Every structure is written in C-alpha cells, then in structure tokens.
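Engineer: Mind looking at a prediction? Sequence and model below.
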Amino acid sequence: MQTIESSLAPPRLPPHDPGTPALSVVDMHTGGEPLRIVLAGCPEVAGPTLLAKRRYMRQHLDHVRRRLLYEPRGHRDMYGAVLVPSELPDAHLGVLFLHNEGYSSMCGHAVLALGRFALDFGLVAAPPAGAREARVNIHCPCGLVAAFVECEGGLSRGPVRFHSVPAFVLATDLLVDVPGHGKVVVDIAYGGAFYAFVSAEKLGLDVCSAKTRDLVDAASTVTEAVKAQFKITHPDSEDLAFLYGTILTDGKDTYSEEPTTNICVFADEQVDRSPTGSGVTARIALQYHKGLLELNQTRAFKSSATGSVFTGKAVREAKCGDFNAVIVEVSGQAHYTGTASFTIEDDDPLRDGFLLK
C-alpha cells in the first residue's frame, strides 16, 4: 500500500512563477527568537560596501524582505538574514539583518545562530583536529563581529559567544516626557544598535509579570518619545544613528549572580523572544559606565518572554570616536528548526506578504 510519504517523493516545488526563483532558507532560533537565513533565491545585492548593500536592498529588493518575513510565510515578529560578500579582508561573511520595519545595524541573537550556521554549512574551514572552538568573523552593518563556536568533529555543538563592536553610553539620566507617564528617566546605550533603557517599574509595570501587550505599549511609547525629544548620533556613520527600540528592565542593574530580566521591543513593535544580544551588549556597557560592573565580571540576562538566558561581560576597554567604550562578550545557545523553499505565483495578490496589527 502506497503511503502519503512515498506518493510525495521526491520533493518538488509546487506550481509557481518560473521567472521568480524560490527562496531557499534555513530556520533557526536563539533563546526563542527566530532567524530565517537565505540560502538561495535572493537577487544580487549590489554595492561596494556592506552599508551600501543595505541601502540597495532597502531601495530595490524590499519585496524579498516582505516575502520572507511577512504573512503568509512568516509573521510580524519574524527575523531574517541575507548573506552577502564583505569588503573587509578579515570577514568570512557579510550579513544584512531584516525585521518587520526594515534593516537593523546589528543583531546579537542572529550572530550567535550564524556562527553555528557558518561552521556547519562550510562558510568557514573546520578547525584543526582536536580544536574545541572555531572563530567566525561576521561583518555586520555596525562593523566586524567575532563569533566563537564550540565544536566537535568539525561541527558545531553547545553555546556560541561573540565579541561586539565597541559599545558605549550615549546618555544617562535623560529626562523624557512620556505620554501617559509624565517625566521618565531614560538611559541610551549602543551595542551595535541604540536602545533606550528604563526600569518597567517607572512605567507602573512589573517586567516579570505584566502582560506582553502592556509592556509593548509602554516600550513603544518610550521609543517614540525619545525619538521626538533626543537626537541620536554615532561618531562613525549616520547609517548607524537611529534608535532601534526600548528595553524595559527589572531595575536590577547592581551586580548579582542572579539573572536580571528584561524585554526588548524594537522596530515596529516587534518583540524579541530572547534577552537580545545587542541589547545585552549595550546594557553591559551601561552598567560598566556606571561603575556597577567590572571587567570580566559575568552577568546573566533573562528574557521575560521565554525565560531564556544570555550571559555577558565587558572583556576590555575601547574607544568609539570620543566615547569611552568596551568590547562585550555575549554567550547564548542557538538551535536549528528546519528548512523551507518559498515560492511565488504571479497571480497571487498577496505574493509580497502582509501584516496584521
């Protein structure tokens, strides 16, 4: 008797527009936060530099982002990565990060996943026999980031860690008029992307027990208030000078061996399921700046959404322009969830995707 499986074999693509290549992807997650990595099907992303490629994709290939991330193939909190060549001689790969609103400058959870992916899919050479760790240099729009992948027999295993670009504090104790909450004290720090940090308690919420919708609304209100009242600048590039989102914390910034909990709301009210790798980077820089953390003192950061944990520590001091900065090491665990091929029918009115809000 023929089974369903045997009647469908070998795998083949369904009817689709022959002029539109299928988008082949590998899906992963890090601490619950998804990552959809494009293997094939994306047109060439032109540009002499990674930031130029980011601009080109925004202007000419944004339909690829929407098809990958939006419904019916994704959802409003899906995250993506398009791999591109890098102009940096030390980089093993370049990457463009995709989210529901556009294109990020850095994504820590994606770097942790891409470290595994690069080793397992042969984008970097396997380390010598007996080596327990492989280095993967990933060129992100914010700069070159080094991921260190635990491995065995040439394949990844266990957690991944990365060393950030220089992370620094842009403003502390900034008084922002937040609609519905009055004057709220906010800190702004950079970990490859800029975040506003505020204790959820200042907004009348408990980050560990409040409804996600209430946390999202509060964080989004803070983000819009900061954007309206404070100018974000970056010493290296205007392409990096934007507020990515707001991270609500439990207020426990003084060093403790117990995890401190936060939730990150970024882009168009997108909720990070993980503790947020670039957010942990920025928060470590903030705590070090305030004298609450020493070099090589590890802290654990817990996601209020999933309970997943990243660790972070400042490993050395650095500079970013005139800012005192630190290089931060973030560690976390990424997992594979599957593969897919996404196709387009030319008569589908929703072929480029849609979002519900």
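Structural biologist: Alright, I've got the coordinates.
Engineer: can you confirm Ala218 is in a helix?
Structural biologist: Yes. Assessed by DSSP: H, G, I helix; E, B strand; the rest coil, Ala218 belongs to a helix.
Engineer: Low-confidence regions, this structure specifically.
Structural biologist: Residues of the chain that meet the criterion pLDDT under 70 lie in 1-11.
Engineer: Pick out the residue nearest the middle of it.
Structural biologist: Cys107 (2.5 Å; Cα atoms, centre = their mean).
Engineer: doesn't Tyr79 make contact with that one?
Structural biologist: Yes. Assessed by Cβ atoms under 8 Å, Cys107 is found in contact with Tyr79 at 7.0 Å. (Glycine included, C-beta is placed from N, CA and C.)
Engineer: Between those two, which contacts overlap?
Structural biologist: Phe97 (Cβ atoms under 8 Å, 6 or more residues apart in numbering).
Engineer: For Val222, grab phi and psi.
Structural biologist: phi -60, psi -50 (degrees, to the nearest 10).
Engineer: and it, how many residues sit next to it?
Structural biologist: Other residues lying near Val222 total 27 when counted by other Cβ atoms under 10 Å.
Engineer: how close does it get to Ile284?
Structural biologist: 21 Å (Cβ to Cβ, to the nearest Å).
Engineer: try Ala134
Structural biologist: Separation of Ala134 from Ile284 (Cβ to Cβ) stands at 24 Å.
Engineer: More neighbours: which of these two?
Structural biologist: Using other Cβ under 10 Å, the more surrounded residue of Ala134 and Ile284 is Ile284, with 30 against 23.
Engineer: C-terminal to whichever strand or helix holds that one, what's the next element?
Structural biologist: Under the criterion DSSP states H and E, the helix or strand holding Ile284 is helix 277-289. Downstream of helix 277-289, the first helix or strand assigned by DSSP H and E is strand 299-303.
Engineer: Compute the inter-axis angle for that next one and helix 277-289.
Structural biologist: 140 degrees (axes from the mean of the first three to the mean of the last three Cα atoms, to 10 degrees).
Engineer: returning to that earlier point: now the residue nearest to the centre of the chain: closest residue in space, sequence neighbours ignored.
Structural biologist: Phe97 (4.5 Å; Cβ to Cβ, 6 or more residues apart in numbering).
Engineer: Tell me the bridge partners for the one you found.
Structural biologist: Ala81, Ser104 (DSSP bridges).
Engineer: so who does it touch?
Structural biologist: Tyr79, Gly80, Ala81, Tyr103, Ser104, Ser105, Met106, Cys107, Ala110, Cys140, Pro141.
Engineer: Could I get those residues in JSON lines, plus columns for distance to Thr246?
Structural biologist: JSON lines is the format used below for those (distance: Cβ to Cβ, whole Å):
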{"residue": "Tyr79", "distance to Thr246": "18"}
{"residue": "Gly80", "distance to Thr246": "22"}
{"residue": "Ala81", "distance to Thr246": "23"}
{"residue": "Tyr103", "distance to Thr246": "19"}
{"residue": "Ser104", "distance to Thr246": "15"}
{"residue": "Ser105", "distance to Thr246": "16"}
{"residue": "Met106", "distance to Thr246": "16"}
{"residue": "Cys107", "distance to Thr246": "16"}
{"residue": "Ala110", "distance to Thr246": "20"}
{"residue": "Cys140", "distance to Thr246": "21"}
{"residue": "Pro141", "distance to Thr246": "20"}
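Engineer: closest to Gly47 among those?
Structural biologist: Of all the contacts of Phe97, Pro141 has the smallest distance to Gly47: 11.5 Å, by Cβ to Cβ.
Engineer: The closest one: neighbouring residues, count only.
Structural biologist: Residues contacting Pro141 under the criterion other Cβ under 10 Å number 23.
Engineer: Next up, the contacts around the nearest residue to it once chain neighbours are set aside.
Structural biologist: Nearest residue to Pro141, sequence neighbours excluded (Cβ to Cβ, 6+ apart): Ser105, at 4.4 Å. Neighbour list for Ser105: Phe97, Cys140, Pro141, Cys142, Gly192, Ala193, Asp239, Leu240, Phe242, Tyr244 [criterion: Cβ under 8 Å, 6+ apart].
Engineer: any idea how far Ser105 is from Thr343?
Structural biologist: From Ser105 to Thr343 the distance is 31 Å (Cβ to Cβ).
Engineer: do Asp253 as well
Structural biologist: Plainly put, Asp253 is 48 Å away from Thr343 if you go by Cβ to Cβ.
Engineer: mind listing what's buried in the strand or helix carrying Val25?
Structural biologist: Using DSSP H and E, Val25 sits within strand 23-30. Across strand 23-30, burial judged by 16 or more other Cβ atoms under 10 Å covers Leu23, Val25, Val26, Asp27, Met28, His29, Thr30.
Engineer: Perfect, that will be all.
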